[in-house]
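Asker: Below: sequence and its predicted model.
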Amino acid sequence: ETYEMVMTNEIATTHWTAQAMEHFAGQLKERSGGRIVPKIYHAGTLLKDKEAVAALGTGAVHMVWPVSVQLESLAPQYGVINLPFMITDEVMLKPGASDEIAALMTKYVEDIGIEVLGLMRTADLMFLAKDKEIDTPKDLSGMKIRLTGGRVLQDTMRRFGANPVTMPATEMAAALMQGAIDGIYTSAGGWEMVGTTAKVASYVPGMSLLTYSVLVDKNWLADLPDDLRQVVKETTKEMLSRQWQEAIDSDKLVLDKMLAAGGRLSTVDDASREQFQELSKKASSTFSDRYAEVTQQMEAIKAKYSAN
Amino acid sequence: MTGITRPEAPAASGDTLAHANRSEQPSERYTLPRPWIWFEDKVLLNIASLFMAAAMGVMFYEASSRSLFSESHWWAEELVRFLVVWSVLLALSAASRDHHFIRMELLIQRLPRGVRMGLNWLNCILGMAFASVLVYAGCVEVMHLHRIGMMTESSLDLPLWQVRLIMPLGGLLYIGYFVGAALHLLHGVDPFETEELR
Amino acid sequence: MTVALAVLALLALIAAGIHVGIALGIIAAGLMLFSFNIPPVLIAQTAWGSIDSYALVAIPFFIFSGNLMSQGNLALVIMNLVASVVRCFKGGVALALAVSSMFFAAVNGSSVACAVALGPAAVKLLPNEGYDARFSASLIAVCGTLGLMIPPSLSFILIGSIVGMPIPDLFIAGIVPGLLELSLLALGTVLVSRRRGYGIVQDRPDWAGFRKALPSASGALLMPVLIIGTIYAGLFTPTEVSALAAIYAALLVLVVYRTADIFAIWRTLRESVKQTVMIYGILLGSGLLTAMLTRLGLAAELTRFVSEADVSPFVFLLTVNILLIIVGMFLDGVSMIVLLSPILFPLSNAVGINPIHFAVIMTALVEIATLTPPIGLNLFVMSKITKIPVHEIIQGVLPFYGIRLFGLLLINAVPALSLMLL
Ligand code: NA
Ligand code: NA
């Protein structure tokens, strides 16, 4: 008997995530001896990620890797991993950390039929501007910054004195060029998309590390025969263990390419980074006061893996 | 490529009432009950227009506010999108009743009236079937969203199931349109006939 | 096999006069429910996803502003202005119409909205100047299509939002091809007018008349400046500018020209909502069908086939052009774009054609489709406005098909036309 496994994403087929999904599906097919039949629908052709998350558990889709922010509209506690300065490369590269965080997050979505198998590294975010360098939070004052992301990030930007703007990614390059916005908070990949219209990228280390959540239909997984369920879990685990470092490397590659094309990267100094962190704590506190339990558990996991 | 404006077209099916006495064909005397037409044309279409006007206002406000006062509102984009979808699905029946649909008339224009009426019945049945699919799928979706408690993405802070309620509701209104069309057919009136045919 | 059957059934239903949106939707729903055991949530999600889009919101707003302008008789004001100067040579007034159409193209997103805005005025003006009424009506039907190529453009908005391309880039790409089409059209207009002896001639430009007409036209003339200006000043995005256009048009007819009161504007809004429903109905049905074809893996299969068959760009473009001219006879522009772009764009990518160039080609083909019988919306619209039978309008359009095909050929053969401003 074969089991159809529908996976969707909303990024171009040329993007590394899409290729990672293809590779992952190939492994599943091979290791299950063809009993799992993965079907991938790229670039939002079947469902956008937001819709796919909503449809998990209905049979329309079985696995999806959305940006973690999208889980916030389903379980607000999920916002903990999107807090500024929360997720770091240092912690996530330690074996076991990803598993523990996934188990923690699963607690908040499992009763609606979703299991979190792990986190993938999406990208490190930075400020893009036409030619303005951001050295301290003061530099952001009054700037119109285009960003995506949950309410904590929006609130954080306001604490810095910036005006968060939401607009479709397809319109942001033109908007920056013509001055409709003053800056963009995005990844190296986003910089590549905007091009050297944005000449300067300013980086606050660790401030916002975006993740994908690897989500699976919990009941579908539970109903698989034991050996196939193991194949899915093991293959996912193996992919996740490699993915974090690979994503760091590919992020760096894109960044180097932008620098070679004439872009300039400025990294804020430690003193200024503390200022950013201090201001963002105020924004985070509205979250951590409300969802104290999950924040504490998350901090505990972080402390455990930072220590050794 | 967009809609056909009909400067000389009757404003709504309600106007057919006025033509009724002049009409030669006995079939054209049939009109739907007044409250039905009133509900579609006056209640639904006016609410839909209100939503559309609101969407326009919100979009203009957001764009001006962002460009003039550097103040962007996170909820604006979602609100605009939802208002337009609600407007369209609310007006589905009223617009169709006023012949705002696209179809190919070239062939059926040349067919004998009997065959044409047969195809009109087919249109009605398929229309009801499709609208029923929207109602059924919409209900399943709304119940699922209600169960998982998903919220809208922005600071609009609406439960998503409430937003999506318009899908089964619009489907229901659409079924109403085809029921009305079927009533016309029963009385020998072609409900899909447009000016080109006359 | 199933797919072939579905396509046949779809064509049969459309031919049988079933509402196109219903035909698309019922085929999609049938396949999803019975043949492939796909859960209802997927239907609800894809149906919703096909109409819930920020970029698509420009459609109702542009329709509304176009309808307002036709109500305000703005076209007559502008055409009188241009005509006062160009009446001095034979065919001049027809040329004025063509030039005015560029103005409406630059404030309108759709070809029908352009035709509607120009139609009543032109039918009033041209026959008085010694032009054949049938020729006038046909000319407007043809000129109206420029609204799709010259930005802002619904065609580009649709393509951009479906395929995921930057809409501003597409707008910019349409400028030169749009001006090229306009020049060809103007040339054709003058030639036809002279050969048939249309138009009265005055000795020299009537500058006094021009000065007299200018103040009243300035409010309307400001509109394209405002629209294009706000986009390029970075104040509004191309989507948002549709709301600006609508609100400005409302103010123009309400306050400046006083050709409508608030009730008339409300009636226009109601009419615009109904026209929007017509388009969204198609979007809904074809969104479902596209999702179904995707779920079946047809699109991916086709892409693989074409890229493996090593088709040359020339053969591919030739095929697409012929296919779309034929399909365009039967389908309207929105259905064409919504149905075919998810399939054609990946294919054109696989063959190595620049997607922006391809979007311009597709728009040129959609322009032609709005003029080709049996389903050509602009033909119907002009027939309605002028009360001239559709087949006579088609006869009037005939000389322009050649011009259109020549423009299409240039746009296909010279990618630089589309890409030079980018
Ligand atoms: Na235009
Ligand atoms: Na056509």
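Answerer: Cool, got the structure. Numbers count the residues shown, from 1 in each chain, chains lettered A, B, ... in the order given. Ligands and ions are numbered 1, 2, ... in the order given.
Asker: I figured B:Tyr174 hits B:Ala94, correct?
Answerer: No: the criterion here is Cβ atoms under 8 Å, and B:Tyr174 misses it with B:Ala94 at 10.6 Å. For every residue, glycine as well, the C-beta is placed using N, CA and C.
Asker: So for the two, which sits in the more crowded spot?
Answerer: For B:Tyr174 versus B:Ala94, neighbours defined as other Cβ atoms under 10 Å in any protein chain shown are more numerous around B:Ala94 (29 against 23).
Asker: Now do whichever helix or strand the more buried one is part of: distance to the chain's middle.
Answerer: B:Ala94 belongs to helix B:74-97 when assigned by DSSP states H and E. The chain centre lies 10 Å from the centre of helix B:74-97; the measure is Cα atoms, centre = their mean, to the nearest Å.
Asker: which strands and helices sit next to the next helix or strand after it?
Answerer: Once the chain leaves helix B:74-97, the next helix or strand it forms, by DSSP H and E, is helix B:113-148. Helix B:113-148 is packed against helix A:49-55, helix B:160-164, helix B:166-186, helix C:20-30, helix C:40-51, with contacts defined by 3 or more Cβ pairs under 8 Å, 6 or more residues apart in numbering or on different chains; DSSP states H and E.
Asker: nearest to ligand 2, of the ones you listed?
Answerer: Closest approach to ligand 2 among those (Cβ to the ion): helix C:20-30, 12.5 Å.
Asker: Run the angle between that closest one and helix B:113-148 for me.
Answerer: Per axes from the mean of the first three to the mean of the last three Cα atoms, to 10 degrees, the angle that helix C:20-30 makes with helix B:113-148 is 60 degrees.
Asker: Which elements pack onto helix C:20-30?
Answerer: Here helix C:20-30 touches helix B:113-148, helix C:2-15, helix C:262-295, helix C:333-351, going by 3+ Cβ pairs under 8 Å, 6+ apart.
Asker: Phi and psi next, for A:Val165.
Answerer: A:Val165 adopts backbone torsions of phi -120, psi 140, taken as degrees, to the nearest 10.
Asker: Ignore what I typed, I meant A:Thr122.
Answerer: As for A:Thr122, its main-chain torsions (degrees, to the nearest 10) stand at phi -90, psi -60.
Asker: Please name the residues that touch the residue most central in space within chain B.
Answerer: For chain B, the residue nearest the mean C-alpha position is B:Leu92 (0.6 Å; Cα atoms, centre = their mean). Counting by Cβ atoms under 8 Å, 6 or more residues apart in numbering or on different chains, B:Leu92 touches B:Gly170, B:Leu173, B:Tyr174, B:Tyr177, C:Val277, C:Gly281.
Asker: quick one: which two of those residues are the most distant?
Answerer: B:Leu173 and C:Gly281 (12.9 Å; Cβ to Cβ).
Asker: Out of the helices and strands packed on helix B:113-148, which is closest to ligand 1?
Answerer: Using Cβ to the ion, the nearest of the helices and strands packed on helix B:113-148 to ligand 1 is helix C:40-51, at 22.2 Å.
Asker: what angle do that closest one and helix C:333-351 make?
Answerer: Going by the same axes, to 10 degrees, helix C:40-51 makes 100 degrees with helix C:333-351.
Asker: Report the spatially nearest residue to residue 73, omitting neighbours in sequence.
Answerer: Unless you meant another one, I'm taking chain A. In space, and not counting its chain neighbours, A:Ser73 is closest to B:Met151: 4.5 Å by Cβ to Cβ, 6 or more residues apart in numbering or on different chains.
Asker: meant chain B actually
Answerer: B:Glu62 (5.6 Å).
Asker: can you list the helices and strands packed on helix C:20-30 in a markdown table and add mean pLDDT?
Answerer: Formatted as a markdown table, the helices and strands packed on helix C:20-30 follow (pLDDT from 0 to 100):
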| stretch | mean pLDDT |
| --- | --- |
| helix B:113-148 | 96 |
| helix C:2-15 | 83 |
| helix C:262-295 | 88 |
| helix C:333-351 | 81 |
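Asker: any chance of these in TSV, with mean neighbour count too?
Answerer: Shown next, in TSV, are the helices and strands packed on helix C:20-30 (neighbours: other Cβ atoms under 10 Å in any protein chain shown):
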stretch	mean neighbour count
helix B:113-148	19
helix C:2-15	15
helix C:262-295	24
helix C:333-351	23
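Asker: before we move on, the earlier item: tell me the one of the contacts of B:Leu92 nearest chain A?
Answerer: B:Gly170 (18.3 Å; Cβ to the nearest Cβ).
Asker: Make sure A:Gly149 is indeed in a helix.
Answerer: No: counting by DSSP: H, G, I helix; E, B strand; the rest coil, A:Gly149 is not found in a helix; it is coil.
Asker: re the thing from before, would a markdown table of the helices and strands packed on helix B:113-148 with distance to C:Leu408 and mean pLDDT be doable?
Answerer: Formatted as a markdown table, the helices and strands packed on helix B:113-148 follow (distance: least, Cβ to Cβ, whole Å; pLDDT from 0 to 100):
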| stretch | distance to C:Leu408 | mean pLDDT |
| --- | --- | --- |
| helix A:49-55 | 37 | 94 |
| helix B:160-164 | 42 | 97 |
| helix B:166-186 | 38 | 97 |
| helix C:20-30 | 25 | 90 |
| helix C:40-51 | 29 | 91 |
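Asker: Next, format the ones you listed as TSV and append distance to C:Ser84.
Answerer: Below are the helices and strands packed on helix B:113-148 laid out as TSV (distance: least, Cβ to Cβ, whole Å):
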stretch	distance to C:Ser84
helix A:49-55	56
helix B:160-164	53
helix B:166-186	49
helix C:20-30	44
helix C:40-51	45
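Asker: between those, which gets nearest to B:Cys124?
Answerer: helix B:166-186 (4.8 Å).
Asker: got the contact list for B:Ser67?
Answerer: Counted by Cβ under 8 Å, 6+ apart, B:Ser67 has contacts A:Ala180, C:Gly234, C:Leu235, C:Phe236.
Asker: For the last one, give me its contacts.
Answerer: Shown here is C:Phe236, whose contacts under the criterion Cβ under 8 Å, 6+ apart are A:Ala180, B:Ala63, B:Ser67, C:Thr230, C:Leu244.
Asker: quick one: which of these has the most company?
Answerer: Counting neighbours by other Cβ under 10 Å, the top entry in the contacts of C:Phe236 is A:Ala180, with 25 neighbours.
Asker: State the distance from that residue to chain C.
Answerer: Distance of A:Ala180 to chain C, computed by Cβ to the nearest Cβ, to the nearest Å: 4 Å.
Asker: before we move on, what SS does that residue have?
Answerer: Following three-state DSSP, the label given to A:Ala180 is coil.
Asker: hang on, it packs against B:Leu68?
Answerer: No: contact criterion Cβ under 8 Å: A:Ala180 and B:Leu68 do not qualify, at 11.5 Å.
Asker: in the host helix or strand of the residue nearest to B:His73, what's buried?
Answerer: B:Glu62 is part of helix B:45-69 when elements are defined by DSSP H and E. For helix B:45-69, a neighbour-count test (16 or more other Cβ atoms under 10 Å in any protein chain shown) marks B:45-46, B:48-56, B:58-60, B:62-64, B:66-67 as buried.
Asker: Next SSE downstream of the helix or strand C:Val225 falls within?
Answerer: Assigned by DSSP H and E, C:Val225 belongs to helix C:207-232. Sequence order places helix C:241-251 as the next helix or strand after helix C:207-232, per DSSP H and E.
Asker: which secondary structure elements does that next one contact?
Answerer: Partner elements for helix C:241-251 (3+ Cβ pairs under 8 Å, 6+ apart): helix B:45-69, helix C:58-71, helix C:207-232.
Asker: Contact partners for C:Arg194?
Answerer: Contacts of C:Arg194 by Cβ under 8 Å, 6+ apart are C:Lys90, C:Gly91.
Asker: Could you pull up the mean pLDDT of the host helix or strand of it?
Answerer: Using DSSP H and E, the element containing C:Arg194 is helix C:167-196. For helix C:167-196, mean pLDDT is 89.
Asker: so how far is it from its chain's centroid?
Answerer: A distance of 14 Å separates the centroid of the chain from that of helix C:167-196, by Cα atoms, centre = their mean.
Asker: do stretch B:36-49 as well
Answerer: 10 Å.
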